[in-house]
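J.: Sequence and computational prediction follow.
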Amino acid sequence: MGEGVNSPLIVDSDPEFLVALKMDPSFKKHQPVVVRSQTEAITALKGGGEFSGIFINPKLAAPHGIPLIQESILHQPIVPIFLLEGFTKTELTPEELKKLTVRGILKKPFGLSAIMQAILETQATFDAKTALQIAARNGDKVGQESHSSENDFVPILAKHFLAGTSSFFDIYVKIPPGRFLMILHAGDLFQKERIESYLSKGVTHLYLKKEAQESYLNYCQDLTARILGNNEVSTEIKVGQVSNLGNETAQFMRLSGLSESTVTRAQGFVTSVRDLSKHMDLDSNKNFSAFMNDLVSLEHATATTMIAGILGKFLGMSAEKSVQIVGMAGFFHDVGLQNMPEKFKLEDEKLLNDEEKKLYRSHPIVGAQIFMGVKGIDPAVIQAIEQHHERRTADGFPARLGAGAINRVAEIVGISELYVEAIKRHSTDKTYDPFKRMELGFNSFASPISDAFRRIFFPKK
Ligand SMILES: [Fe+2]
Ligand SMILES: [Fe+2]
């Protein structure tokens, strides 16, 4: 068993699935115990060591896998149980599965990292009781439309939610223009297919009730820490999870304003960006392409923080304090735009008239001022917020500072957000070349920064 983590037990005789598992690059690390029959499974369950999770093909123990589920509970009562599903679906209802303490169903094909992720989610230490209590106060019913208004809901990204096995939250879909239908009740078994069918119809966001938001954020933080701390989970899943946490944190900031609690949340996200960058191989493009695809769906603050975090690390800013400064500056750089007109948030001066442009150009100062009154913020963060649009070519704003006068963190944030916007623009206009755009802007930044940028983010030849 690897690295102090118990092995999962896999009970299945499906040759195709088992071969694929064996070929999985993380097989050696996981060392799952694979058995092919009910008898072998019982021997393994009785045999001393505790498993991290038990994964059963229900076909091997008629009816519906129940005898094996019961044996698992008998010998390893606290280990989470999952069913493996191939072509045929289980005939057990969600209620029956819940009674049998089945934690989820994994649909083939999937790899070992899906198994690890399923296990990690069951180990959540966040305050699930509070989440379920909040949900218990909700009178809405699955399959029915909610009477609450649009303002009572917050969106979450559907594709990241899909990773879940059972939900601690009531989940809704939006039916345009502004109606909400509950599709999953907190505490119920996660019905992956149901949500997949919405995804296939083009649904990108699911919705939570606003009162559940903070609890959901706790859940995301907890899950992110677990996923990042586990060597067997793929970088792709890690990137997705950190992105999701960033978006939820940005959402939280938007809805609850700036407070010490928002700052603490942001620090949590920044720490997860640092942990993520430790796993990223900056010299290989492999994990990076997944990351870039993700970028388009991210909030501006989230994406900027992630790019700035990676760039900062590459530039040797890896001490705890400097990581926090770069990350916090990335996350809060546009806080001054928060109370300005919505279209300012696109940060495109072409959309603004002279008057608007003047107001827009004050957002770095407004942002810095907001932070002067917030406890626990490093002055370097405030300065970076104030200077993130300054350029060493002295054509930035608000102060037209030139080379030598600009805080390095501000430059890192500045180049990062430029890239984020270029990638986003490329996603809607394929003729727009983000790398050409960056190339044109490189002389606006200190050469160590633009050199590092080129080395990390430009396609490798
Ligand atoms: Fe920005
Ligand atoms: Fe800005």
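T.: Ah, there it is. Ligands and ions are numbered 1, 2, ... in the order given.
J.: Tell me, how many residues neighbour residue 31?
T.: Close neighbours of residue 31, defined as other Cβ atoms under 10 Å, add up to 15. In short, each C-beta sits where N, CA and C put it, glycine included.
J.: which bits of the chain sit near ligand 1?
T.: Counting by Cβ under 5 Å from the ion, the residues of the chain close to ligand 1 are 334, 417.
J.: Sketch out the low-pLDDT regions of the chain for me.
T.: Along the chain, segments meeting pLDDT under 70 span 1-5, 48, 124-125, 159-166, 189-193, 232, 282-290, 461.
J.: Show me the strands in it, by range?
T.: Secondary structure of the chain (DSSP state E): strands at 8-11, 33-35, 53-56, 81-85, 102-107, 153-157, 171-175, 179-184, 205-209.
J.: now those in TSV, with mean neighbour count and distance to residue 220?
T.: Conversion of the strands of the chain to TSV gives the following (neighbours: other Cβ atoms under 10 Å; distance: least, Cβ to Cβ, whole Å):
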stretch	mean neighbour count	distance to residue 220
strand 8-11	25	24
strand 33-35	19	31
strand 53-56	24	21
strand 81-85	22	22
strand 102-107	21	18
strand 153-157	19	9
strand 171-175	19	14
strand 179-184	19	17
strand 205-209	22	11
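J.: Between these, which one is closest to residue 420.
T.: For the strands of the chain, distance to residue 420 was read as Cβ to Cβ. The smallest value, 16.8 Å, belongs to strand 153-157.
J.: what's the closest one in contact with?
T.: The set of residues that contact strand 153-157 without belonging to it, under Cβ atoms under 8 Å, 6 or more residues apart in numbering, is 172, 174, 180, 204-210, 213, 216, 244, 247-248, 251, 255, 297.
J.: Please determine how far the residue nearest to residue 206 when sequence neighbours are not counted is located from residue 367.
T.: Nearest non-adjacent residue to residue 206, counting by Cβ to Cβ, 6 or more residues apart in numbering: residue 158, 4.8 Å away. Here the criterion is Cβ to Cβ, to the nearest Å. By it, residue 158 lies 31 Å from residue 367.
J.: Between these two, which has more neighbouring residues?
T.: Relative neighbour count places residue 367 above the other of residue 158 and residue 367, with 22 against 18, counting by other Cβ under 10 Å.
J.: Neighbours of residue 277, how many?
T.: By the measure other Cβ under 10 Å, the count of residues near residue 277 is 19.
J.: go on, residue 91?
T.: For residue 91, using other Cβ under 10 Å, the count is 9.
J.: Pull the contacting residues for it.
T.: If you count contacts by Cβ under 8 Å, 6+ apart, residue 91 has them with residue 64.
J.: Need phi/psi at it.
T.: Dihedral angles of residue 91 (phi, psi; degrees, to the nearest 10) stand at phi -90, psi 0.
J.: where's it relative to ligand 1, distance?
T.: Plainly put, residue 91 is 53 Å away from ligand 1 if you go by Cβ to the ion, to the nearest Å.
J.: How about residue 113?
T.: Taking Cβ to the ion as the criterion, residue 113 is separated from ligand 1 by 33 Å.
J.: begin at 881 from here
T.: Renumbered: residue one is now 881, and that last one reads residue 993.
J.: What residues does that residue make contact with?
T.: Here residue 993 is in contact with 906, 1112-1114, 1117 (Cβ under 8 Å, 6+ apart).
J.: what about the nearest residue to it once chain neighbours are set aside, how many neighbours?
T.: Residue nearest to residue 993 in three dimensions, not counting chain neighbours: residue 1114, with 4.6 Å by Cβ to Cβ, 6+ apart. Neighbouring residues of residue 1114 were enumerated by other Cβ under 10 Å; the total is 20.
J.: Check residue 1109 too.
T.: 10.
J.: For it, which non-adjacent residue is closest in space?
T.: Spatial nearest neighbour of residue 1109, chain neighbours left out: residue 1155 (7.8 Å); criterion: Cβ to Cβ, 6+ apart.
J.: Would you check that residue 1180 makes contact with residue 1300?
T.: Yes - the pair residue 1180 and residue 1300 qualifies as a contact (Cβ atoms under 8 Å) at a distance of 6.5 Å.
J.: out of the two, which sits in the more crowded spot?
T.: Taking residue 1180 and residue 1300 together and counting by other Cβ under 10 Å, residue 1300 has the greater number of neighbours (25 against 18).
J.: who's in contact with that one?
T.: Shown here is residue 1300, whose contacts under the criterion Cβ under 8 Å, 6+ apart are 1175, 1178, 1180, 1183-1184, 1187.
J.: from these, which would you call buried?
T.: Buried residues within the contacts of residue 1300, counting neighbours by 16 or more other Cβ atoms under 10 Å: 1175, 1178, 1180, 1183-1184, 1187.
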